[in-house]
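whatever this is, show me its structure:
(2 chains)
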There are 2 protein chains.
Amino acid sequence: MLFSQSQNFAEWYNELVLKADLAEYSPVRGCMIIKPYGYAIWENIQKILDAEIKKLGVKNVYFPLFIPENYLKKESEHIKGFSPEVAWVTYGGNKKLQERLAIRPTSETIMYSVFANWIRSYRDLPLKINQWANIVRWEMRPRLFLRTLEFLWQEGHTAHSTEKEANSMAKKVLLMYKNFIQNTLAVYVEDGIKTESEKFAGAKKTLTLEALMKDGKALQMGTSHNLGQNFSKAFKIKFLDRKGKQNYVWQTSWGVSTRLIGGIIMNHGDDKGLILPPKIAPFQVVIVPIWKNSKEKNQVKDYIKKIEEKLKEKNIRCLSDWNKQTPGWKFNEWELKGIPLRLEIGPKEAKKRKITLVPRDILKKEEMTLKSFVDNLDKILEDIQKRIFTASKKFTKENTHQVETFSEFKNIISHKGGFIKTFWCGNPKCEKEIKEQTKATIRCIPFNQDRQKGKCIKCGRKSNLKVLFAKAY
Amino acid sequence: MLFSQSQNFAEWYNELVLKADLAEYSPVRGCMIIKPYGYAIWENIQKILDAEIKKLGVKNVYFPLFIPENYLKKESEHIKGFSPEVAWVTYGGNKKLQERLAIRPTSETIMYSVFANWIRSYRDLPLKINQWANIVRWEMRPRLFLRTLEFLWQEGHTAHSTEKEANSMAKKVLLMYKNFIQNTLAVYVEDGIKTESEKFAGAKKTLTLEALMKDGKALQMGTSHNLGQNFSKAFKIKFLDRKGKQNYVWQTSWGVSTRLIGGIIMNHGDDKGLILPPKIAPFQVVIVPIWKNSKEKNQVKDYIKKIEEKLKEKNIRCLSDWNKQTPGWKFNEWELKGIPLRLEIGPKEAKKRKITLVPRDILKKEEMTLKSFVDNLDKILEDIQKRIFTASKKFTKENTHQVETFSEFKNIISHKGGFIKTFWCGNPKCEKEIKEQTKATIRCIPFNQDRQKGKCIKCGRKSNLKVLFAKAY
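Numbers count the residues shown, from 1 in each chain, chains lettered A, B, ... in the order given. The predicted structure is shown next:
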């Protein structure tokens, strides 16, 4: 790696994404090519998250990429929020279209236009669907995984017969995301509600999960929107309730995207490269053979074959690197690519039926018998998973600052970064001025309020609302 | 079902797709919404096929949706073939684009533009990638699953250092598709080579799999293209070979799409509805409870719980229908939806610990003890899978006609339909005239040539080339 995190975090990130072969820019401005190693991470994310989504009774579907302009315009806040980011198709099959078609920047409008046909009575509710799809938003300053013109995501959409049920669904989804991000991606997140100015265009409330990256900036990892009846009124999605009365449905929508991969990189990575959580690493174990001559090579080969068999029996994703480079070169390479566990296997290990292992996060060598290694392998990987989550949580806590004056606020934001937890009066004017003066935004109003009393960091008015500020991606 | 196959096949198809809740048209002309039941079939297809693709050493990636116009134009035959079908993005983020962007009608050009950077020497070869993606082709006469403006597919792309290796790859892929379609989808296919006028725009040779639908029309199920060096020359994809010489790579591309679902419907379905192969059916077994009073209902419920446990242990996808409708109504419903095996469980079955089962394909009732049912369940489902494949093969063979005169040819095409196997001189002029006069096209030149001698069905010239004609979707 040419760049270190402390020296130039942005360049460290770019260099790592390219050198670890995760993704690269395409010839189309702002669009990325997700390469095999990066896509394998996404496939593992999809597999685990899809099962969790289905456990909530949600079924997968596929809706069109195209949205007629008049649909996108039906919910006024929604179009206001998205119109600067839309790509428009104006020609199809050599003919100019009568109405231009938006490439979906999100699918509320195209989906809800048919919800009105699908839903007639309370018996059709709740309706819970999800799709895995590509999304286009015309970003001006693209960054690989974090902000690209096109990205991949899942978007869930539900409709309910009561406000209470919709509220509960939005919360359940956020909790499902939180568990997934913390337990599977090992990234610690803060949860809360977005302010009016930061919420999703068209939502009543946006629930969010915010993680702290190693440069002290926040990244929004996932959101769950309580849409209220905003869209159901715009799209006339009515149902006959149990009492025979017509009513508008209550809705939610929610999503996470390939941006999660950016979060994994910036939350766990170090100056040597990626650190991948075992649960989503394309390879959980890499075996680096060490030998001097062909006799040693044969001994090592036989022994590694045996190790591979054992790993296969345990369904461990494993790679043995028999390339020509030196072991030292390979150590660097696989540290760069973040494989959670490295095994160094030479003639000494082969002879003694032992394993030398090096976990990626702590890079501390340990020796074990083959038997004890195999017996403990699940636990070894679990320990890595737990350790990197603990580190993520510790880093976030250590970089969450409680401040009482605005000068302290400005000082921390411009020098240390991190989350700032402080009082806000609730006035969008203060929020806006803080943003203009510091570039920090309110990432969320945490669910967990300690009910202390204090003064708004900006205007000094009394407040009992503690919020989380940070500069964000 | 309002329509029968014999009465109006096209209407039977449309009605079935809608009534079985597989898909529907969206408000955007020619685009479809794939509903949960239809999408679950696609997920099962993806899961099994993705594993087969990976077994060939192919890795998944994701490339941009957008293709700059100048890239699409680099291979002259390619743009000629696709330009009438392209949708163009001309505005992004409220600004007119300097160069318009095509929505991918296929990804050769966007992928191969970076292959030139990825490939330097023979050590970088073979390169084998695949993506699951959405595709847009501006179809004028859309039909659900068969021909829609947007569809889902996988597209594999490989680059090789020798012509021989590329040839072999294209064939391996076709064989993989053939095994998948025959063994998993239970659809019998004929394999062969496309004629020059029917091959993929830009390919050297197109290998194809053709299946016969129940109305006697053919459906192309999957293709594998040997691209030769057409694209590598257009995109300057060169490599340094073992002798230190610069050479252009040899390439293949190949794909199957959501069209396969159309093939399953039209190849297996009957007047009662869908018949789904057990391997890809969203539910393999449906349990219909039968009861008269609450005492009976409780007995049946307990017994069904037990059956469900047994099925779960065997990883069978199963559904119990406790809705209010009559058993007869449910039989019709699940026959329409094509669930391979129905269990009818009433108080009699509960008392005697027996199962009444009805396979969807033959609709013949059988009684069995619970134990013998559970022990034989894998075989029962396998038998259904095999029987519907055998039926598919038998139907195709019975509707493959060997003809010797053009009047016989015209007569069969306009009355019976089906495949016509006959001699063709190889002249595109004869092929074109036959198409104009009968709407039948050469579906393929079968790999399996019996080396007889005969006369071209159109011009009467001597020929030893037997080809397969049909009207096609």
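
let me see the domain layout of chain A.
Per automatic domain parsing, the structural domains of chain A span A:9-268, A:285-380, A:400-470.

mind checking the ones you listed for the one nearest to chain B?
domain A:9-268 (3.3 Å; Cβ to the nearest Cβ). Every C-beta, even on glycine, is put in place using the N, C-alpha and C of the backbone.

what about the closest one, how long is it end to end?
One end of domain A:9-268 sits 13 Å from the other (Cα to Cα, to the nearest Å).

so how far is it off the chain centroid?
Relative to the centre of its chain, domain A:9-268 is centred 12 Å away, using Cα atoms, centre = their mean, to the nearest Å.

ok, now stretch A:291-304?
That offset, for stretch A:291-304, works out to 42 Å (Cα atoms, centre = their mean).

report the buried residues of stretch A:75-89.
Within stretch A:75-89, the residues that qualify as buried are A:75, A:78, A:79, A:81, A:82, A:83, A:85, A:86, A:87, A:88, A:89, counting by 16 or more other Cβ atoms under 10 Å in any protein chain shown.

same thing with stretch A:36-49?
Buried-residue list, stretch A:36-49, by 16+ other Cβ under 10 Å: A:36, A:37, A:38, A:39, A:40, A:41, A:42, A:43, A:44, A:45, A:48, A:49.

can you list the residues that contact it?
Contact with stretch A:36-49 is made by A:17, A:20-23, A:34, A:132, A:145, A:152, A:154, A:180, A:184-185, A:256, A:258, A:260-261, A:264, A:276, A:279-282, A:337, B:59-62, B:129, as judged by Cβ atoms under 8 Å, 6 or more residues apart in numbering or on different chains.

that older thread, any chance of the domains of chain A in JSON lines, with mean pLDDT too?
Putting the domains of chain A into JSON lines (pLDDT from 0 to 100) gives the following:
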{"stretch": "domain A:9-268", "mean pLDDT": "97"}
{"stretch": "domain A:285-380", "mean pLDDT": "97"}
{"stretch": "domain A:400-470", "mean pLDDT": "96"}
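
deepest in the core, which of those domains is it.
domain A:9-268 (a mean of 20; mean count of other Cβ atoms under 10 Å in any protein chain shown).

top helix in chain A by residue count?
If you go by DSSP state H, chain A has its longest helix at helix A:370-398.

who are the packing partners of that helix?
Contacts defined by 3 or more Cβ pairs under 8 Å, 6 or more residues apart in numbering or on different chains; DSSP states H and E place helix A:370-398 against strand A:205-212, helix A:259-268, helix A:294-313, strand A:341-345, strand A:354-359.

let's see 10 Å
Contacts defined by 3 or more Cβ pairs under 10 Å, 6 or more residues apart in numbering or on different chains; DSSP states H and E place helix A:370-398 against strand A:205-212, helix A:259-268, strand A:285-289, helix A:294-313, strand A:341-345, helix A:347-352, strand A:354-359, strand A:366-369.

how near is residue A:450 to residue A:191?
15 Å (Cβ to Cβ, to the nearest Å).

and residue A:87, by the same measure?
Applying Cβ to Cβ, the value for residue A:87 to residue A:191 is 32 Å.

quick one, helices of chain A?
Under DSSP H, chain A gives helices at A:9-19, A:36-55, A:69-72, A:76-82, A:108-118, A:163-179, A:230-234, A:259-268, A:294-313, A:327-336, A:347-352, A:370-398, A:406-415, A:428-438.

does the fifth one come close to chain B?
Translated: helix A:108-118. Yes. Among the residues of helix A:108-118, A:109, A:110, A:111, A:113, A:114, A:117, A:118 lie within reach of chain B under Cβ under 10 Å from any Cβ of the partner chain.

sorry, back to before: dump the buried residues of stretch A:36-49 to JSON lines, plus distance to residue B:228.
Compiled in JSON lines, those are given as follows (distance: Cβ to Cβ, whole Å):
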{"residue": "A:36", "distance to residue B:228": "25"}
{"residue": "A:37", "distance to residue B:228": "30"}
{"residue": "A:38", "distance to residue B:228": "31"}
{"residue": "A:39", "distance to residue B:228": "28"}
{"residue": "A:40", "distance to residue B:228": "31"}
{"residue": "A:41", "distance to residue B:228": "35"}
{"residue": "A:42", "distance to residue B:228": "33"}
{"residue": "A:43", "distance to residue B:228": "32"}
{"residue": "A:44", "distance to residue B:228": "36"}
{"residue": "A:45", "distance to residue B:228": "38"}
{"residue": "A:48", "distance to residue B:228": "41"}
{"residue": "A:49", "distance to residue B:228": "41"}
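
and for chain A, the residue most distant from the center?
Relative to the centre of chain A, the most outlying C-alpha is that of residue A:295, 47.6 Å out, by Cα atoms, centre = their mean.

before we move on, back to that, would a markdown table of the helices and strands packed on helix A:370-398 with distance to chain B be doable?
Output for those, formatted as a markdown table (distance: least, Cβ to the nearest Cβ, whole Å):
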| stretch | distance to chain B |
| --- | --- |
| strand A:205-212 | 23 |
| helix A:259-268 | 12 |
| strand A:285-289 | 17 |
| helix A:294-313 | 15 |
| strand A:341-345 | 22 |
| helix A:347-352 | 28 |
| strand A:354-359 | 26 |
| strand A:366-369 | 32 |
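
re the thing from before, residues contacting the residue farthest from the centre of chain A?
Residue A:295 is in contact with residue A:347, counting by Cβ atoms under 10 Å, 6 or more residues apart in numbering or on different chains.

and the residue nearest the centre of chain A?
By Cα atoms, centre = their mean, chain A has its centre lying nearest to residue A:260, at 2.3 Å.

that one: what's it in contact with?
A:41-42, A:45, A:49, A:145, A:153, A:177, A:180-181, A:184-185, A:187, A:211, A:219, A:221-222, A:280.

still on that earlier bit, ok, which of the domains of chain A comes nearest residue B:469?
Between residue B:469 and those, the shortest gap by Cβ to Cβ is with domain A:9-268, which sits at 28.4 Å.

against residue A:27, how distant is the residue nearest to the centre of chain A?
Distance from residue A:260 to residue A:27, counting by Cβ to Cβ: 26 Å.

same question for residue A:426.
Residue A:426 is 47 Å from residue A:27, by Cβ to Cβ.

same check, this time on residue A:104
Applying Cβ to Cβ, the value for residue A:104 to residue A:27 is 23 Å.

ok, now residue A:168?
As defined by Cβ to Cβ, residue A:168 lies at a distance of 46 Å from residue A:27.

list the contacts for residue A:249?
Taking Cβ under 10 Å, 6+ apart, we find residue A:249 in contact with A:112, A:115-116, A:119, A:122, A:124-127, A:158-162, A:165-166, A:227, A:229, A:231-233, A:235, A:237-239.

check residue A:432 too.
Residue A:432 neighbours (Cβ under 10 Å, 6+ apart): A:197, A:441, A:458.

which residue comes closest to the last one once chain neighbours are left out?
What that stands for is residue A:458. Among residues not flanking residue A:458 along the chain, residue A:430 sits closest, at 3.9 Å (Cβ to Cβ, 6 or more residues apart in numbering or on different chains).

for the residue of the stretch 351-473 of chain A found nearest chain B, what are its contacts?
With Cβ to the nearest Cβ as the measure, residue A:473 is the residue of the stretch 351-473 of chain A nearest to chain B, at 19.1 Å. Residues near residue A:473 by Cβ under 10 Å, 6+ apart: A:143, A:145-147, A:213, A:215, A:217-220, A:259, A:262-263, A:266.

ok, now residue A:114?
Residues in contact with residue A:114, defined by Cβ under 10 Å, 6+ apart, are A:63, A:235, A:237, B:24, B:25, B:26, B:27, B:33, B:35.

same check on residue A:177?
Going by Cβ under 10 Å, 6+ apart, the list of residues near residue A:177 reads A:49, A:52-53, A:189, A:191, A:207-209, A:221-224, A:254-256, A:260.

residue A:183 versus residue A:468, what's the distance?
Going from residue A:468 to residue A:183 by Cβ to Cβ gives 22 Å.

now swap in residue A:113 and tell me
Taken as Cβ to Cβ, the span from residue A:113 to residue A:183 is 37 Å.
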